[in-house]
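Q: just need the structure, nothing else, for what follows:
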Amino acid sequence: MVSRLRFEKVCQNIGRGDGLRDKLNRIVSTRLLILFGFFIGFGPVIALLFSGMNIEDALFDFAYYRIESALSLRQLEGYIIPLGLILFTAKQLIFEKTKITEKISRDISLVITQLLLGYFLAFSTLYLLLDFSFFFGSVASMPFVLGFFITLLVIDMVLSNNELIDAVKQSCKEKKSFLNKTQIIAIIEVGLLLAAGLALALPNTWDMSGFAANQPEIKSGQWGNMEPQYAVIEATIPVFTSQPEFQYWPSDDDGSDWNVHIFIPSISDSQLDSKQLGVAILLHGYGGADIEVYRDTLELIASHGLVTIFPQYISDLDLSSVDSDFELIYEEGGSNHPQHQTRYDMAWLGINRAISALNITSGGELAEVLQQHTGANTTIDMTNLWIGGHSMGGGTTFSVLDRGLELGWGSSSLQISLEASWVHAQQGNPLRGNMSNLPDHTWAQITEYSSDITVHPCQARWQHSRIWQRDSTIALNDSQVQYLRIESDYYGFPRMIASHYIQASFIHDNFADLAYYSRIDAQAARIATQPQLFTADSQLLISAQSFLVDENQQMTDLGQWSDGTQVNGITMIEDPLSKPIVDGTYCTN
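A: Below is the predicted model of the structure:
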């Protein structure tokens, strides 16, 4: 009786196993799991699209939070291939040596394989979209890892299909097809997936194998090495104290999320009570109001002893009331965008909110913070000024600087830094700014990036001319106003890509140190070490100016790849408006 009950129980278990086996077979054969894995991988972007973002902003947000992981894969250069092969071989041996031959186990393996395959395919799709608009080939590790593991997963899926393998063997042996329709479709599917995996992996295999030449490394003591002279404290105040009343302001924005970030050097250990500290103002690019985008730049500047102001200002406005026949015009580095007024006025408001908050005499809301970290009678000295902008912030700089010059800003020392600059207001608009008031001691760097497909280089070239010629009045010294072109270099690994986003902290790498942060480092030091300031340092001032004028090519020569090949480096272009751009055209046309 007992034996009969046990027999029936075993039969029931087998029946249940067969039922689950059939379900898994059906699910695996439909490839729905690949599609499900794809949607899991694409899930974060889909969620952002449903939240109201457009596809470009959703991809940017996705890249922002994933790029650190992608860059960390560079540390596994030379290890990913053997590690992947070891895991793949171990998985195959487990099924063979431990005699896990039940079909149910194979089906579970296929379920996991198909989910992972869909997930990696989703990330591959996202990578291709991001590479086209953001990475520009700079991230070799991500496509390699995706392609390598897609290839291994496809091979694993094929090896798990004994019926397909047997049919292929028999077809080859007897030289006629024994494949059914489902198996023919499976072979086509495998071929496409292998092609996708190999297309991603093979172009980057040499780079990730560990044999490619490496970038030159920045050394201790060099400009751009990110070694702070002072610790930095961050403070934040709101831009608005009441409902915003700007033109085209979005009706659903009450202004409460807009802030001004102030970075204060901590020098309270000094015995000197009265100190003067220079000031820096950084103006962000379109959609770049998040403090984390420029944190590395802001902290680097402030670490030299400059009180650094980062005003958030709006990118997207409600233009529904603009006339339908409005014609957008670009000319001579400027445009007639209706957004200019609100953007520039809001940036100016934020800067002045920060200046007022730091005023000890009037008891500003950050006066106590400033005193706590710099001393009882510290004042900020607007006559020693670093001012710069990236992309949209480059155009904004002209309006802000014009207003500041009328108040005496930069009258002792002035450094301008425009990175991948976008348009300012067009001629005839007072927002365009008046550069004829630039003092003789003005230094400026206007920078173009060779792989920048976001802004047109002519915009920066016209802006260089405006600063250099002081709006067609008396030109500044040639050596003080430089136009630089940062060149990409694909020779070794990681690749050096001079893109529009090299200033962003989340893609901060060694190339950014060499081509961007080194110059910002020296520019900030040139202002902070002025003799009127507490942070004065004549030797450091000489060193910074020597670097910025490119004495002995110390700024433009970025060194050599590890095998001795010269890096493309930085090209200094004299009178860029008179020179053709890469496609052979002239900006004056």
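
Q: tell me, how many neighbours does residue 114 end up with?
A: Residue 114 has 22 neighbouring residues, counting by other Cβ atoms under 10 Å. Placement of C-beta: from N, CA and C, glycine included.

Q: okay, now the unreliable bits of the stretch 251-400 of the chain?
A: For the stretch 251-400 of the chain, the stretches flagged by pLDDT under 70 are 269-273.

Q: so what's residue 458 closest to, chain neighbours aside?
A: residue 587 (3.7 Å; Cβ to Cβ, 6 or more residues apart in numbering).

Q: go on, residue 312?
A: Per Cβ to Cβ, 6+ apart, closest to residue 312 is residue 289, 4.2 Å.

Q: so that neighbour touches residue 315, yeah?
A: Yes: counting by Cβ atoms under 8 Å, residue 289 does reach residue 315; the two are 7.1 Å apart.

Q: more neighbours, those two?
A: When residue 289 and residue 315 are compared on other Cβ under 10 Å, the one with more neighbours turns out to be residue 289, at 19 against 14.

Q: for that one, phi and psi?
A: Backbone geometry at residue 289, expressed as degrees, to the nearest 10, gives phi -70, psi -20.

Q: tell me the contacts of it?
A: 258, 312, 313, 314, 315 (Cβ atoms under 8 Å, 6 or more residues apart in numbering).

Q: against residue 309, how distant is residue 129?
A: 35 Å (Cβ to Cβ, to the nearest Å).

Q: ok, those two, which is more surrounded?
A: Between residue 129 and residue 309, residue 309 has the larger neighbour count (other Cβ under 10 Å), namely 26 against 18.

Q: who does the helix or strand where that one lies pair up with?
A: Assigned by DSSP states H and E, residue 309 belongs to strand 307-311. With DSSP bridges as the test, strand 307-311 is paired with strand 259-266 (antiparallel), strand 276-283 (parallel).

Q: what would those strands look like in a markdown table with distance to residue 220 and mean neighbour count?
A: Shown next, in a markdown table, are the strands paired with strand 307-311 (distance: least, Cβ to Cβ, whole Å; neighbours: other Cβ atoms under 10 Å):
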| stretch | distance to residue 220 | mean neighbour count |
| --- | --- | --- |
| strand 259-266 | 21 | 23 |
| strand 276-283 | 24 | 26 |
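
Q: what's the closest of those strands to residue 460?
A: Comparison of those against residue 460 by Cβ to Cβ identifies strand 276-283 as nearest, at 14.8 Å.

Q: the closest one: how far from the chain's middle?
A: 24 Å (Cα atoms, centre = their mean, to the nearest Å).

Q: after that strand, next one along is what?
A: helix 295-302.

Q: residues near residue 147, how many?
A: 24.

Q: mind checking pLDDT for it?
A: We have a pLDDT of 90 for residue 147.

Q: secondary structure element for it?
A: Applying DSSP H and E, one finds residue 147 within helix 141-159.

Q: quick one: contacts of the strand holding residue 309?
A: 239, 260-265, 277-284, 291, 294, 298, 301-302, 346-347, 349-351, 353-355, 358, 370, 380.
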